[in-house]
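Q: Predicted structure and sequence below. I'll ask about it afterward.
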Amino acid sequence: MCGIVGAVAERNITAILIEGLKRLEYRGYDSAGIAVIDNDGQLSRLRRSGKVAELDQAQTLEPLSGRLGIAHTRWATHGAPCERNAHPHFSSHELAVVHNGIIENHQALREQLKDLGYLFTSDTDTEVIVHLLHHKLHELGDLATALKAAVQELHGAYGLAVISASQPDRLLAARSGSPLVIGLGLGENFLASDPLALRQVTDRFVYLEEGDIAEIRRESVRIWDLNGQDVQRETVQHQDGAEAADKGEYRHFMLKEIHEQPKVVQRTLEGRLGDAQVLVEAFGPQAAELFAKVRNVQIIACGTSYHAGMVARYWLEGLTGIPCQVEVASEFRYRKVAVQPDSLFVTISQSGETADTLAALRNAKGAGYLASLAICNVATSSLVRESDLTLLTNAGPEIGVASTKAFTTQLVGLLLLTLALGQVHKRLAPGLEAELVEELRRLPSRLGEVLSMEKAVEKVAELFAEKHHTLFLGRGVQYPVAMEGALKLKEISYIHAEAYPAGELKHGPLALVDSDMPVVTVAPNDELLEKLKSNLQEVRARGGQLIVFAAEQAGLEDGEGTHVVSMPHCHEVLAPIYYTLPLQLLSYYVAVLRGTDVDQPRNLAKSVTVE
Ligand code: M6R
């Protein structure tokens, strides 16, 4: 989703801003722009629809130079993705603003500002901010004072960066519902919507909190909180991040991230396993006491993270008997919910900044939940900061828009949660926790074995390259795995893919099956295997082409219209983690064959920070 970079320095900051935008490309965008106060004290701007590379090229032909500037990648919400709507937006060549988020009352503000004589040149909600700020600046004189007054009139979500030709020594920022972080340098300071954008220039960061306004100068940073009080926010030193910037030997970040899974699953487990049990305190010092009170679990997430939640429901109810509901955040947040007594509210998110998930968490506060737990990959995210308990998934930065290692590490985190709750409530079958702890220890190396099937999966991908539709089938806990496989395929190959519980086939979707409709399924050696085999017969009888990732012992073999890829043996409980990997590889290789933009698929953003 949209990205912001800003800088104030003694040197020319154009290259820093462009490099920052390149590092934010993974978030998804459709246009980009940059504005600086140039050496004559004038505001200069360059904008392009399309890639940052085009903006960069334009910048070499018409060089911009300045010591104060802001830049933006836009993911269109209000107004088409074109140069006219790209940020930064200007007011009277005096002020420039970049904005992440959505201003809900933009229409009313637009009318008021038009009455005041302001001319609009874009269809965006952002342009009202810059004109409103211009109006306030001329009323109040000081840029920070004007920004504080302007944001009072904005309804909705914003992360803002502002520069003014009349006050060229400072960069202003405001955060409400859209993250911003200040990067600290020596005699220079920076701003971004994601610290990754600034790793080239600093490893020291100050995260703005909800309602904060900041004034960033070369030698100082001043922050006011929601109530206008001067505040000091903690400086955080980042150690990681360098690994994310580089694809290494891989052609795409997605492939690199698929192959990182053994290593990052190992990291998710580190410090969380005792000899024969899960360490409950891994969820926080008060976790044991809190978990003892839990009688129900409510899981909320979006997209891939929602699929992880669906797997967890099978684990929680099947292994511990603790009831569990799972819902997508965008629905949950607008529903009147009957809260079950003693419910633990669990959010799952790679980014920790997904607008719907955050809103659901905020609504849940005061609604009668026992406590909130975030299973999240970003330690500094809003979700983590606003939750009572956290389990970090430690997958490292995920750059590919299609989530891969985030999903498998979420599954590991959710299995740890299941075992921790089962342990505290003494609900696990005798010996099961020790058995699964042992299996978890072996998991990283076994995932490495699954990845060694890559060539076989690449071959199967050839069956898809020309197809337009696909069905994914799974039964029981493998149904959400099938959903995740279908989501991956549609996201990056643009092939229409639907997932069904295999038992539902004859209730409708079977009508779609013919020789042009590949049907992908996962068939571990579990108690539903025989039922699944019958469903596969139904497909074959209609001429459907089957691609089956099957346990060696499943008794499924290659044959006319059936392609079986054999999977190494795994424990039934951990099967969703193992069987996810070939589906990730499958969608990756189909996308490569179709020549799509694997890491930045069209219309999608990495972190969905607006509704
Ligand atoms: O950062 P989150 O886990 O909260 O993101 C949720 C979804 O937007 C995300 O999983 C999305 O569905 C991915 N593109 C899936 O690959």
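A: Nice, thanks for sending it over. Numbering: from 1, shown residues only.
Q: Residue numbers of this structure in contact with the ligand?
A: 302-305, 349-351, 354, 357, 401-403, 487, 491, 607-608 (C-beta under 6 Å from any ligand atom). Placement of C-beta: from N, CA and C, glycine included.
Q: where along the stretch 201-350 of the chain do the helices fall?
A: With DSSP state H, counting those that start in this stretch as the criterion, the stretch 201-350 of the chain has helices at 253-259, 261-269, 287-293, 303-315, 329-332.
Q: Next, format the ones you listed as TSV and append mean pLDDT and mean neighbour count.
A: Formatted as TSV, these follow (pLDDT from 0 to 100; neighbours: other C-beta atoms under 10 Å):
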stretch	mean pLDDT	mean neighbour count
helix 253-259	97	24
helix 261-269	93	21
helix 287-293	95	16
helix 303-315	98	25
helix 329-332	96	19
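Q: between those, which gets nearest to L95?
A: helix 329-332 (34.3 Å; C-beta to C-beta).
Q: got the buried residues for whichever strand or helix holds A499?
A: Applying DSSP states H and E as the criterion places A499 in strand 496-501. Judged by neighbour count using 16 or more other C-beta atoms under 10 Å, the buried positions of strand 496-501 are A497, A499, Y500, P501.
Q: Can you name the two of these that sit furthest apart?
A: Farthest pair in the buried residues of strand 496-501 (C-beta to C-beta) is A497 and P501. Separation: 15.1 Å.
Q: Now do V610 against the ligand, distance only.
A: According to C-beta to the nearest ligand atom, to the nearest Å, V610 stands 12 Å off from the ligand.
Q: In strands only, show me the residues of the chain next to the ligand.
A: Counted as lying in strands by DSSP state E, out of those, are S349.
Q: if we can go back for a sec, quickly run through the sheet partners of the strand holding A499, with directions.
A: In the sheet, strand 496-501 lines up against strand 469-474 (parallel) (DSSP bridges).
Q: Using CSV, list the CA coordinates for the strand it pairs with.
A: C-alpha atoms of strand 469-474 as CSV (Å, rounded to 0.1, in the frame of the first residue of the first chain):
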residue,chain,number,x,y,z
HIS,A,469,-9.7,-21.8,-13.7
THR,A,470,-8.7,-24.2,-11.0
LEU,A,471,-10.3,-25.9,-8.1
PHE,A,472,-8.4,-26.7,-4.9
LEU,A,473,-9.8,-29.4,-2.6
GLY,A,474,-9.0,-30.4,1.0
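Q: from the chain's centre, how far out does that strand sit?
A: Between the centre of strand 469-474 and the centre of its chain there are 24 Å (C-alpha atoms, centre = their mean, to the nearest Å).
Q: Now tell me what touches that strand from outside.
A: Residues from elsewhere that reach strand 469-474 (C-beta atoms under 8 Å, 6 or more residues apart in numbering): 464, 480-483, 485-486, 489, 495-502, 505, 509, 512-513, 516-522, 532, 535-536, 539, 544, 583.
Q: lowest confidence element among the helices and strands of this structure?
A: Within the chain, no helix or strand scores below helix 529-541, which has a mean of 86 by mean pLDDT, DSSP states H and E.
Q: List the contacts of the next helix or strand after that one.
A: The first helix or strand that comes after helix 529-541 along the chain, using DSSP H and E, is strand 545-551. Outside strand 545-551, the residues within contact range by C-beta under 8 Å, 6+ apart are 460, 463, 515, 517-525, 529, 536, 539-540, 556, 561-567, 569-570, 579, 582-583, 586.
Q: Just the buried subset of these, please.
A: Looks like those have 460, 463, 517-525, 529, 536, 539-540, 556, 562-567, 570, 579, 582-583, 586 buried, using 16+ other C-beta under 10 Å.
Q: P582 is in contact with E449, isn't it?
A: No - the pair P582 / E449 is not scored as a contact, 11.8 Å apart, by C-beta atoms under 8 Å.
Q: and the strand holding A499 with helix 303-315, angle?
A: Strand 496-501 and helix 303-315 are oriented at 10 degrees to each other (axes from the mean of the first three to the mean of the last three C-alpha atoms, to 10 degrees).
Q: which element is G6 on?
A: strand 3-8.
Q: what does that strand contact?
A: The contact list for strand 3-8 (C-beta under 8 Å, 6+ apart) reads 13, 16-17, 20-21, 24-25, 27, 29, 67-73, 98, 100, 159, 161, 163, 169-171, 173, 180, 188-194, 197-198, 201, 216-218.
Q: Packing partners of whichever helix or strand comes after that strand?
A: Heading C-terminal from strand 3-8, the first helix or strand you meet, by DSSP H and E, is helix 14-24. Judged by 3 or more C-beta pairs under 8 Å, 6 or more residues apart in numbering; DSSP states H and E, helix 14-24 is in contact with strand 3-8, strand 31-38, helix 52-61, strand 66-74, strand 189-192.
Q: Kindly recompute the last result at 7 Å.
A: Under the contact criterion of 3 or more C-beta pairs under 7 Å, 6 or more residues apart in numbering; DSSP states H and E, helix 14-24 touches strand 3-8, strand 31-38, helix 52-61, strand 66-74.
Q: Quick check: mean pLDDT of it?
A: Averaged over helix 14-24, pLDDT sits at 94.
Q: buried ones in it?
A: Within helix 14-24, the residues that qualify as buried are T14, I16, L17, I18, E19, G20, L21, K22, R23, L24, counting by 16+ other C-beta under 10 Å.
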